[in-house]
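Participant: Give me a model of this one.
(chains A, B and C)
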Amino acid sequence: MTEPSATRPSTPAHPSADHPPLLEVRGLSVRFRMPGGRHVAAVSDAGFTLEAGQCLALVGESGCGKSVLASALLGLLPANAQTAGTARTAGTELLTADEAVLARTVRGRLVGLVPQSPAAHLTPVRTVGAQLAETARALTGLRGEAAARHAAGAAERAAYPADHLDRYPHELSGGLAQRAATALALVGDAPLLLADEPTTGLDRDLVEHTADELRRQVDRGRALLLITHDLAAAQRTADRVAVMYAGRIVEIAEADRFFGDPGPRHPYARGLLNALPERSFTPIPGLPPELGDLPAGCAFAPRCSKSDGRCASQRPVFAGGTACHHPEGAAP
Amino acid sequence: MADRRPVPFAAPAVWRSRGGTRRSTRTLRIAASAAVLVCVALAVLVVPPAVDLDQQAVDLPSKLLPPSAAHPFGTDDVGRDLLLRCVYGLRVSLVVGLVAALAATVIGTAVGAAAAALGGWTDRLLMRLVDTFSSVPHLLLGIFVVAMFRPGLWPVVVSVAVTHWLSTARIVRAEVLSLRSRPYIDAAVSGGAGRLRVAVRHLLPGVLPQAGLAAVLMVPHTMWHESALSFLGLGLPTHQASLGNLVQTARGSLLAGHWWPTLFPGLFLIVPTLAVAGLAGAWRERLNPRRRAELTL
Amino acid sequence: MARMAGRRVLLAVPVLLLVTFGVFAVAAASPFDPVTAYTGTAGLTASQENLDQIRANLGVDQPFTARWADWIAGALRGDLGDSAVLRMPVADAVAERLGWSVLLAAAAFALAVLLGTAFGVLAARRPGGPLDRCATAIAYTLEAAPAFWLGLLAIWLFSLQWGVLPAGGLTDTASDTVTAGQVARHLVLPAAVLGISQLPWFYLYVRQGVGDALDEDPVRGARARGLAERTVLLGHALRSGMLPMLTLIGSRVPELITGALLVETVFSWPGIAAATVQAATAVDFPLLAALTVLATAAVLLGNLLSDLLYGLADPRVGFDG
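Facilitator: Numbers count the residues shown, from 1 in each chain, chains lettered A, B, ... in the order given. Next comes the predicted model:
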């Protein structure tokens, strides 16, 4: 893989003196209106920041609201979704931006998405090359040969082989599809990448390869929000880790503290690590709660060995990097 | 890190929504469809015996009157009230449609059940027959049958029936094949029951709801088919005027500039069809709420 | 692809044979006497010997299986018998009229596909919106409306009330030469009515296909890449969403023929569909048999076209085996 010539300088833009982060999410909540007036709280009061050249891994079990958060940031929620809170990047408020602003200035240009199941995110009746070139035309305003060259550049940066550009999505292997998706996310040189479960369904070698590819993009100065349930991939890529449980961020920690010593503070995060095969391989007992029917107190309390009456009745406030009444260790 | 100054917990004050709420017209559609069908039933059952007015009465002085209070649909070229003519026509069309749909359902169920129950060569042969039948355009096949057996009530019924049993045969065959894999069928077979006997005793009751639904949905089609034949002059004799006959006989008046004898019989065909489609659509929406449209009437 | 086409053509042969056989079997069971049909009113006064002679000439004194075999043998040589109602060989009648029917059907089909696709995409863009609701209601109504009724109302409005378009035929009554301009003017109403009667199906299919595609991952992916709404709609949602319609486009031939039977009759269009109705009314068996078989062949051809189109449009479909 050669160093591309067409990339932007990797220094992030710092528009103002007080150095706002590249992505700042505050009090982000997403709920879905269901038939019969019910609501499902997919994301509740999520807050985090992300700097250029950094990777934040958002981890948690499937169905905890991680992917909904990614959709919310891109304005790709279904029509029955409602949002609250703020999410700002490069001076644009993502949650209130209308469709035209999102399509013309945000998606692909400010925020690139590396989607889950990449082959399914490509239109099956058109070749990878055609979709890359089309994206290049849309994002750069280049035409014809120049757009094709730009597209080829993005393919090269994502290590997608040039002789496979005339393939249709269904003809790609899992790894190639992943690279094609990455190439598409890189076409617009967006300073922020969202990777939504990029390693799902890949075998171990490919997971590591994909994680390394993404890390390389971070090292070139992009910010990466890596949404995954794969802790090994998160460990390989992330600078910081945010743990999500039942729609809430329950812990945010530096990756070396989280995976190494002293380890996570929240019992759920500890449980996730302990469930790994290379650690004690003990799963967390019980099942996560229904997002449509969350308890009043800590959502993890029914599965937590440390829970007491306070946990059941009072929701813990996020403080010292975690939201727990009985955190392990001291605040960092 | 910015994360160290978390936002204190507070219930989000303002929920924003991207998609607008759209009120479903489902209840309205069901009510309207049901009302139309009730009106149709009342009209064809109650009006002809109750109204003591000979629909055939010729009244030449009041011919081709435009719609008015006395004649809401106007009068035809010999002065007959069109509303009454349409109600009678709808009755004829409905009777022919129902009888033909029933006949087609019986044929289709028999063929479909036989194909699935007997299997093997019989199945392949019968299904090839179904394919062959569906290769001839329905109206053309109907026209051919009527032409060969002169216009009249029964040739029309037969012509409609032989062109409409195909889908029922396919539905019933598929349904029987899926039912056949149930354990109680295995039990019956291992109990020594013959294949046809199993089909009649155990499988047929299971497919009747499906075949019945198909039959109801078929009625608008059979009515349409009959009207087309009658319009072409290959349908019912004019003394049994169906809606198609009414449009046919109105052609002369239309070319003289009188639109109402053509318009209303057509509406009498369209509105009940839409009502049946509306109920069927609502039913299917209930079975599968994600589908936003139905492709078949 | 050629192999698949070849196999389909081979499979069509038994179907056509079976259909012709059925046609002859039904005719044999018919109470109509072909001799009466052939001679018309003249038959009432003709002598018995003459009638027997005609009977022998027509070959109707033989069993229907023999007549069927004769007919097949004749058809292979291009001889389809003589039409009594048109007073010419059936093959000539077909040759003379087929072109006009194809012109009408092609114009109607093009109209239905183009308008159906355009409205389908617009409606799918805002499901439940005012345009979607109006267009869908109109589509269901048009689907329920008989084509002959639409044709008559169109004649009333455009020819009688407004006087802007001719009510029927191929040329003006005063003219005895066929000019392109006249044909075009006379084509507008029948093609529009036939097209509009076919339109609801295309509209509903495209609307459904594009609507489904808009909810699926490829469109989400296209949106996430920052493509304009137009590109997402036409380059992605429509490209995959029109596949179901493409697969079934050829299977619309029966409905097109059904519509043509009614529309050609209403507008006195000199095509083969109108001739079919004439043949049926006059019980002109040779013409009716030939046209029934021709229509069946058209249906089979439509099915073949469907498969080929689908294969060309969807790279995931292979033609092996």
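Participant: For stretch C:130-145, C-alpha coordinates in CSV please.
Facilitator: This file holds the C-alpha atoms of stretch C:130-145, laid out as CSV (Å, rounded to 0.1, in the frame of the first residue of the first chain):
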residue,chain,number,x,y,z
PRO,C,130,-50.9,13.8,-1.3
LEU,C,131,-49.5,12.7,-4.7
ASP,C,132,-49.1,9.1,-3.6
ARG,C,133,-52.7,9.0,-2.3
CYS,C,134,-54.2,10.7,-5.4
ALA,C,135,-52.2,8.6,-7.9
THR,C,136,-52.9,5.4,-6.1
ALA,C,137,-56.6,6.0,-5.8
ILE,C,138,-56.7,6.9,-9.5
ALA,C,139,-54.7,3.8,-10.3
TYR,C,140,-57.1,1.5,-8.5
THR,C,141,-60.0,3.1,-10.2
LEU,C,142,-58.5,2.8,-13.6
GLU,C,143,-57.6,-0.8,-12.9
ALA,C,144,-61.2,-1.5,-12.1
ALA,C,145,-62.5,0.4,-15.1
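Participant: Is it positioned near chain B?
Facilitator: Yes: Stretch C:130-145 reaches chain B (CB under 8 Å from any CB of the partner chain) through C:133, C:136, C:140-141, C:143-145. The way it works is simple: take the backbone N, C-alpha and C, and place the C-beta from them, glycine included.
Participant: Show me those that map onto strands.
Facilitator: If you go by DSSP state E, the residues of stretch C:130-145 next to chain B have nothing in strands.
Participant: Cross those against helices and list the overlap.
Facilitator: C:133, C:136, C:140-141, C:143-144 (DSSP state H).
Participant: need the contact list for residue B:116.
Facilitator: Contact analysis of residue B:116 by CB atoms under 8 Å, 6 or more residues apart in numbering or on different chains lists B:123, B:172-174, B:176-177, B:180, B:199, B:203.
Participant: Over to residue C:8?
Facilitator: Per CB under 8 Å, 6+ apart, neighbours of residue C:8: C:300, C:303-304, C:307.
Participant: Just to be sure, residue A:26 is in a strand?
Facilitator: Yes: under DSSP: H, G, I helix; E, B strand; the rest coil, residue A:26 sits within a strand.
Participant: Beyond the lowest-mean-pLDDT helix or strand in chain C, next helix or strand please.
Facilitator: In chain C, no helix or strand scores lower on mean pLDDT, DSSP states H and E than helix C:42-45, which sits at a mean of 66. The C-terminal neighbour of helix C:42-45 among helices and strands, as given by DSSP states H and E, is helix C:48-58.
Participant: and that next one, what other elements does it pack with?
Facilitator: Judged by 3 or more CB pairs under 8 Å, 6 or more residues apart in numbering or on different chains; DSSP states H and E, helix C:48-58 is in contact with helix C:34-39.
Participant: What distance do you get for residue B:176 to residue B:217?
Facilitator: Separation of residue B:176 from residue B:217 (CB to CB, to the nearest Å) stands at 19 Å.
Participant: who's more crowded, the two?
Facilitator: residue B:176 (24 against 18; other CB atoms under 10 Å in any protein chain shown).
Participant: Endpoints of stretch A:83-99, how far apart?
Facilitator: One end of stretch A:83-99 sits 15 Å from the other (CA to CA, to the nearest Å).
Participant: Now do whatever helix or strand residue C:154 lives in: which elements does it pack against?
Facilitator: Counting by DSSP H and E, the element that carries residue C:154 is helix C:147-154. Packing contacts for helix C:147-154, counted by 3+ CB pairs under 8 Å, 6+ apart, involve helix B:243-249, helix B:260-287, helix C:180-214, helix C:253-266.
Participant: burial measure for the residue lying closest to residue B:263 once chain neighbours are set aside, as a count.
Facilitator: Spatial nearest neighbour of residue B:263, chain neighbours left out: residue C:153 (6.7 Å); criterion: CB to CB, 6 or more residues apart in numbering or on different chains. A count of nearby residues for residue C:153, using other CB under 10 Å, gives 17.
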